[in-house]
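K.L.:
with the input below, show me the fold.
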Amino acid sequence: MNHCVRIGAKLRHAFAIVGAVTAALLVGIASADALPSYARQTGQQCAACHNGFPELTPYGRLFKLNGYTFGGGQSDLPALAVMLQGVPSFTRTEGSQAGGAAPHYGPNNNFGALQSGSIFYGGAISSDLGIGAFAQATYDNVGRSFAWDNTDIRWAKSTTLGGETVFGVSLNNNPSLTDLWNSTPAWRFPFINSALAPAQQPTATMIESTYAQQVLGLNAYAMWNRLVYAEIGGYKTLSQGTDNALNGSTSTDAFQGVAPYWRLALQPQWGRSSFEIGTFGMAASIYPGRVYGFGTDHKTDIGFDAQYQFLTDQHSASLQASWITENQSLDASQAINSTNSNNHLRSLNIKTSYYYEQTYGATLGYFRIDGSGDPVLYGPGTSLNSANNSPNTTGWIMEADYIPFNHGGPDIWPWLNMKIGLQYIIYTKYAGAATNYDGNGRNASDNNTLFLFDWIAF
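P.N.:
A predicted model of the protein is given here:
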């Protein structure tokens with residue numbers, strides 16, 4: 001009983017802190033004009049571009065497609081913005097984490113004053129030339145490190161020849177970052193996780209942000225009649241020195257040459273509904289751990305995705321799904337750190353959301369990763385520490401959100417936006433088993449995570 005009372009007191013304390021921050025920001029709400037930098041540039045409300053931010057609406061997708069260059073706003077402020085995640089936050093896992101959730105944190109029931117903070121340039125560089133950018137740098141307060149983050153610099157041009165066609169080029173650092181829909185890895189749900197809990201997806205396919213910020217890519221894209229979208233490009237890993245300078249990385253993989261990336265999508269729209277179905281993928285020959293002399297691994301990821309959105313002023317609903325299959329030929333890894341010469345991974349992610357007046361939202365998500373068993377990659381003593389030598393992990397995510405400023409921020413800064421959320425992750429399997437997955441008595445349910453957060457952009 002005392003244990004339950006202490007937990008209840010901690011939760012009340014966490015809600016009180018978040019509530020105090022919210023109350024301070026709610027003073028003097030006016031009818032204002034939306035997101036920072038983009039909102040100032042376009043004069044649009046946050047709800048015009050986002051369905052429970054950061055999920056994009058059709059207008060938000062057009063804004064990105066056209067290189068972040070739409071105008072219409074009256075602000076002369078520069079296209080700079082700040083984003084704070086987990087200010088504050090509270091994380092509780094069903095079972096405590098031996099040795100602490102992270103350095104400087106306890107094994108459970110952790111409060112955080114700040115999880116991460118980012119500064120970014122977002123908007124037009126030259127509207128006349130069709131050049132714009134989303135460029136982000138982030139301080140990770142849990143890991144106590146600073147690094148560059150998602151960066152997408154675009155040139156885009158629209159023409160009416162043969163129907164409305166937009167074509168452009170993107171220089172970016174994360175495969176699928178360029179995508180317009182929230183079904184592909186870089187922008188899919190969950191949009192925020194606790195950094196003080198076990199990884200929601202303890203292993204991932206190559207395209208699922210495995211090489212985010214460790215590569216640089218150049219992609220060409222086009223959309224015809226707001227219906228057919230195609231993109232092709234290639235990614236090359238940063239040099240070890242550049243990677244270390246920008247990310248603090250010391251043992252990342254290296255691609256042999258350029259890794260091709262492709263995307264094809266069909267987006268029919270009718271009334272207040274829009275639908276998307278598509279495919280995407282990437283292939284790479286890889287020197288694992290930048291170890292040369294043993295040949296290369298080869299990985300091919302092929303993904304399929306779909307999205308549906310229904311948007312009205314009062315009610316909005318969306319559904320996103322993606323399935324990715326990865327085939328791995330591990331010629332180099334077998335000589336270094338793999339048992340098998342060939343492995344596979346499969347990844348499935350589905351989520352559905354509902355928002356009322358773009359203010360009160362609820363989301364339910366399902367995730368699954370499964371693949372070949374490999375004791376050297378996943379077994380005891382590895383980062384996954386699976387007694388079953390398996391990456392297989394499944395679970396559910398529930399999230400409730402309150403977004404008070406989607407239709408206008410406070411007088412002191414009318415472009416403020418904020419999301420207050422309560423997220424709960426339930427694991428039905430982790431690292432290959434529901435019970436005793438690590439051989440030391442830890443169950444998948446011990447990783448169940450309650451996460452209370454405040455997410456602010458200004």
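
K.L.:
going forward, measure contacts between C-alpha atoms and count neighbours the same way
P.N.:
Noted.

K.L.:
the stretch 351-458 of the chain: helices as residue ranges?
P.N.:
When assigned using DSSP state H, counting those that start in this stretch, the helices of the stretch 351-458 of the chain occupy the ranges 375-378.

K.L.:
run through it and note the low-pLDDT ranges.
P.N.:
Applying pLDDT under 70 to the stretch 351-458 of the chain picks out no residues at all.

K.L.:
can you give me the strands for it?
P.N.:
360-371, 393-402, 417-429, 449-457 (DSSP state E, counting those that start in this stretch).

K.L.:
the stretch 51-200 of the chain too?
P.N.:
80-93, 110-112, 116-126, 131-140, 145-159, 165-172.

K.L.:
quick check: which of the ones you listed is nearest to residue 413?
P.N.:
Nearest to residue 413 among the strands of the stretch 51-200 of the chain is strand 80-93; the distance by CA to CA comes to 11.9 Å.

K.L.:
so the closest one versus strand 449-457, what angle?
P.N.:
Interaxial angle of strand 80-93 relative to strand 449-457 (axes from the mean of the first three to the mean of the last three CA atoms, to 10 degrees): 170 degrees.

K.L.:
what about residue 71, how many residues nearby?
P.N.:
Residue crowding around residue 71 was assessed by other CA atoms under 10 Å; the count is 17.

K.L.:
pull out the buried residues from stretch 240-250.
P.N.:
Taking 16 or more other CA atoms under 10 Å as the neighbour-count basis, stretch 240-250 is seen to contain the buried residues 240, 243-244, 246-247.

K.L.:
stretch 260-271 now?
P.N.:
Taking 16+ other CA under 10 Å as the neighbour-count basis, stretch 260-271 is seen to contain the buried residues 260-267.

K.L.:
what's the end-to-end length of it?
P.N.:
In terms of CA to CA, to the nearest Å, the two terminal residues of stretch 260-271 are separated by 36 Å.

K.L.:
residues in contact with it?
P.N.:
Under the contact criterion CA atoms under 8 Å, 6 or more residues apart in numbering, stretch 260-271 has outside partners 175, 226-235, 274-284.

K.L.:
please flag which of the residues you listed sit within strands.
P.N.:
Within those, residues falling in strands by DSSP state E are 228-235, 274-284.

K.L.:
could the strands of the stretch 51-200 of the chain go into JSON lines alongside distance to residue 214 and mean neighbour count?
P.N.:
Formatted as JSON lines, the strands of the stretch 51-200 of the chain follow (distance: least, CA to CA, whole Å; neighbours: other CA atoms under 10 Å):
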{"stretch": "strand 80-93", "distance to residue 214": "22", "mean neighbour count": "22"}
{"stretch": "strand 110-112", "distance to residue 214": "28", "mean neighbour count": "21"}
{"stretch": "strand 116-126", "distance to residue 214": "18", "mean neighbour count": "21"}
{"stretch": "strand 131-140", "distance to residue 214": "14", "mean neighbour count": "21"}
{"stretch": "strand 145-159", "distance to residue 214": "10", "mean neighbour count": "20"}
{"stretch": "strand 165-172", "distance to residue 214": "11", "mean neighbour count": "21"}
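
K.L.:
out of these, the one nearest residue 58 is which?
P.N.:
Nearest of these to residue 58, taken as CA to CA: strand 165-172 at 14.6 Å.

K.L.:
report the contact partners of the residue lying closest to residue 375 once chain neighbours are set aside.
P.N.:
Of all residues not flanking residue 375 in the chain, residue 389 sits nearest, at 4.6 Å (CA to CA, 6 or more residues apart in numbering). If you count contacts by CA under 8 Å, 6+ apart, residue 389 has them with 373-380, 431-432.

K.L.:
recalculate using a threshold of 10 Å.
P.N.:
By CA atoms under 10 Å, 6 or more residues apart in numbering, the contact set of residue 389 is 372-380, 382, 431-432, 437-438.

K.L.:
cool, and residue 338?
P.N.:
330-332, 374-378.

K.L.:
the same query, at a cut-off of 8 Å, please.
P.N.:
With CA under 8 Å, 6+ apart as the criterion, the residues that contact residue 338 are 330, 374-377.

K.L.:
pick out the most distant pair among the residues you listed.
P.N.:
330 and 375, at 14.1 Å, using CA to CA across these.

K.L.:
out of these two, which sits in the busier spot?
P.N.:
Taking other CA under 10 Å, residue 330 and residue 375 do not tie; residue 330 has more neighbours (24 against 20).

K.L.:
in the stretch 151-300 of the chain, which spans are helices?
P.N.:
Read by DSSP H, counting those that start in this stretch, the stretch 151-300 of the chain holds these helices, from start to end of the chain: 240-247.

K.L.:
can you list the weak-confidence ranges in it?
P.N.:
In the stretch 151-300 of the chain (pLDDT under 70), no residue qualifies.

K.L.:
please repeat the previous calculation with a cut-off of 80.
P.N.:
Low-confidence regions of the stretch 151-300 of the chain, defined here as pLDDT under 80, cover residues 161, 249-251.

K.L.:
distance to residue 407 added to the buried residues of stretch 260-271, as JSON lines?
P.N.:
Formatted as JSON lines, the entries for the buried residues of stretch 260-271 read as follows, by distance: CA to CA, whole Å:
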{"residue": "260", "distance to residue 407": "41"}
{"residue": "261", "distance to residue 407": "37"}
{"residue": "262", "distance to residue 407": "36"}
{"residue": "263", "distance to residue 407": "33"}
{"residue": "264", "distance to residue 407": "33"}
{"residue": "265", "distance to residue 407": "31"}
{"residue": "266", "distance to residue 407": "30"}
{"residue": "267", "distance to residue 407": "27"}
